[in-house]
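My questions are about this predicted structure, shown below with the sequence.
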Amino acid sequence: MTVFEELQRRGLIAQLTDEEEIKNLINEGKATFYIGFDPTADSLHVGHFMALCLMKRLQMAGNKPIVLLGGGTGMIGDPSGKSDMRKMLTPETIQHNVDCFKKQMSRFIDFSDDKAIAVNNADWLLDLNYIDLLREVGVHFSVNRMLSHECYKQRWEKGLTFFELNYMIMQSYDFYRLYLDYGCNMQFGGDDQWANMLGGTELIRRKLGKDAYAMTITLLLNSEGKKMGKTEKGAVWLDPEKTSPYDFFQYWRNVADADAIKCLKMLTFVPIEQIEEMEQHMEGAEFNKAKELLAHELTALVHGKAEADKALEAAKAVFGGSGSSENMPSTAIPAEKLTDGAIDILSLLTECTLAPTKSEARRLVQQGGISINGEKIIDPKAMIAIDGELILKKGKKVFHKVTRA
């Protein structure tokens, strides 16, 4: 099975500019390709996961990845898929975020011996002369054509700024520079980037008379058509300080049954034949086995096997009645928070960050969503004695260990 065939079987390919050329390049390990990452936060998140896994997969087949960190484009912000203008970041914040990205990416991509490189488009974008850019690059772009793309239509209703309109030109110029400087012949990205990627291939053709190629990968959507990677707490981050390995594991362990096989195919390195065999027998307990495999594989990829094993043990403790609660998320309540060795349930929920406010905690209790050691708590005035270890449960899937400091 070729690399391209595997990408097809895993459902990763959305759109491409020239199937035969792209197929030959990646199958023969001759693609020098890039994917861009705008540093809008100080951690990568699940939304970046597809791209990182694709880069790793293609690198394993002998192709050379270029990680393009958007220190320059990050100052403008991509309007694709957005109904509002992105918040502008300071140069210092952008540089900090770039440094964080580089560190996290090394878990996925091998940068040794020039097998991959990381570049920052601030190195060329920030020094561009505006008049030169208009004459040399802007002349090749039709505003009418740009506005016909869905990513700009979404912003048009609320007012698309000229500031944002430049994003396609910037991204296209990135591809042009990477082609010139590094021989980059392919760009990959999410399917919402199709318009920007076509702009790059067109600019290279018009300026250099050369062919470059683009391929988009399927967006990671759940069975309801919504982007995956969001929880009530916000994004699912790859930084363990933002999303703990246990919470990361639990996110994947709790995906809908209908999404388990799709996520195994698109995100993991479990052999496709094994996944397809599982798919033939998906019913009852088999869904839980598939989701457990998914959660363990992805947690090991991001946080290492040791953390994945710990998360699995903690999950078994609360879901299967076996294992140890040692690795479960926990909170030690300090003595000054207790009255006669107890704490009210609303304060306990906020201390454990299971509710952002006491009013939200009250709603959870009154709706029957909270239990302690298997006993449902329905009185919002209840006092909870902290004597030994307690297992606090929110809803059906969130567990938290409580001890006394």
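Here it is on my side, so go on.

now the strands: where do they sit in the stretch 251-400 of the chain?
Along the stretch 251-400 of the chain, the stretches classed as strands by DSSP state E, counting those that start in this stretch are 330-333, 342-344, 370-372, 375-376, 383-385, 390-394, 398-404.

how about a markdown table for these, with mean neighbour count added?
C-beta coordinates here come from the backbone N, C-alpha and C atoms, glycine included. As requested, the strands of the stretch 251-400 of the chain are exported to a markdown table (neighbours: other C-beta atoms under 10 Å):
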| stretch | mean neighbour count |
| --- | --- |
| strand 330-333 | 16 |
| strand 342-344 | 18 |
| strand 370-372 | 20 |
| strand 375-376 | 10 |
| strand 383-385 | 16 |
| strand 390-394 | 19 |
| strand 398-404 | 19 |
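
Of these, which is nearest E307?
Each of those has some distance to E307 by C-beta to C-beta; the shortest is strand 330-333, at 15.4 Å.

What strands line up against the closest one, and which way round?
Strand 330-333 pairs in its sheet with strand 398-404 (parallel), by DSSP bridges.

Identify the residues contacting the partner strand?
For strand 398-404, contacts defined as C-beta atoms under 8 Å, 6 or more residues apart in numbering pick out 250, 318, 325, 328-333, 335, 338, 341, 348, 352, 354, 386-394.

which residues of the stretch 301-405 of the chain score low on pLDDT?
Filtered on pLDDT under 70, the stretch 301-405 of the chain yields the residue ranges 317-327.

Domain ranges for this protein, per the record?
3-217, 230-320, 330-404 (automatic domain parsing).

got these as a markdown table, with distance to S223 columns?
Below are those laid out as a markdown table (distance: least, C-beta to C-beta, whole Å):
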| stretch | distance to S223 |
| --- | --- |
| domain 3-217 | 14 |
| domain 230-320 | 4 |
| domain 330-404 | 17 |
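
Looking at these, which is nearest to E224?
Nearest of these (C-beta to C-beta): domain 230-320, 8.0 Å.

hmm, back to that, what would the strands of the stretch 251-400 of the chain look like in JSON lines with distance to L89?
Output for the strands of the stretch 251-400 of the chain, formatted as JSON lines (distance: least, C-beta to C-beta, whole Å):
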{"stretch": "strand 330-333", "distance to L89": "33"}
{"stretch": "strand 342-344", "distance to L89": "40"}
{"stretch": "strand 370-372", "distance to L89": "39"}
{"stretch": "strand 375-376", "distance to L89": "45"}
{"stretch": "strand 383-385", "distance to L89": "43"}
{"stretch": "strand 390-394", "distance to L89": "34"}
{"stretch": "strand 398-404", "distance to L89": "32"}
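
Of these, give the one that comes closest to K227.
Each of the strands of the stretch 251-400 of the chain has some distance to K227 by C-beta to C-beta; the shortest is strand 398-404, at 21.3 Å.

Against V302, how distant is K56?
Plainly put, K56 is 12 Å away from V302 if you go by C-beta to C-beta, to the nearest Å.

more neighbours, these two?
V302 (24 against 18; other C-beta atoms under 10 Å).

returning to what we had before: out of the strands of the stretch 251-400 of the chain, the one nearest V143 is which?
The closest of these to V143 is strand 398-404. By C-beta to C-beta, the value is 49.0 Å.

next one: that closest one to chain centre, how far?
Taking C-alpha atoms, centre = their mean, to the nearest Å, one finds the center of strand 398-404 at 27 Å from the center of the full chain.

What of stretch 178-187?
Counting by C-alpha atoms, centre = their mean, stretch 178-187 is centred 25 Å from the centre of its parent chain.

Just give the nearest non-adjacent residue to the most centrally placed residue in the chain, would you?
With distances taken as C-alpha atoms, centre = their mean, the chain has V46 as the residue nearest its mean C-alpha position (1.9 Å). Using C-beta to C-beta, 6 or more residues apart in numbering and skipping the chain neighbours, the partner closest in space to V46 is G229 (3.1 Å).

for I386, same thing?
Nearest non-adjacent residue to I386, counting by C-beta to C-beta, 6+ apart: R404, 4.5 Å away.

so what's the closest residue to S244 other than its chain neighbours up against?
Excluding the flanking residues, the one nearest S244 by C-beta to C-beta, 6+ apart is P329, at 6.0 Å. Neighbour list for P329: 244, 246-247, 399-401 [criterion: C-beta under 8 Å, 6+ apart].

ok, P329 to K305 distance?
As judged by C-beta to C-beta, P329 and K305 stand 20 Å apart.

repeat for K394
For K394, the distance to K305 - C-beta to C-beta - is 28 Å.

what's the answer for K23, then?
Distance of K23 to K305, given as C-beta to C-beta: 34 Å.
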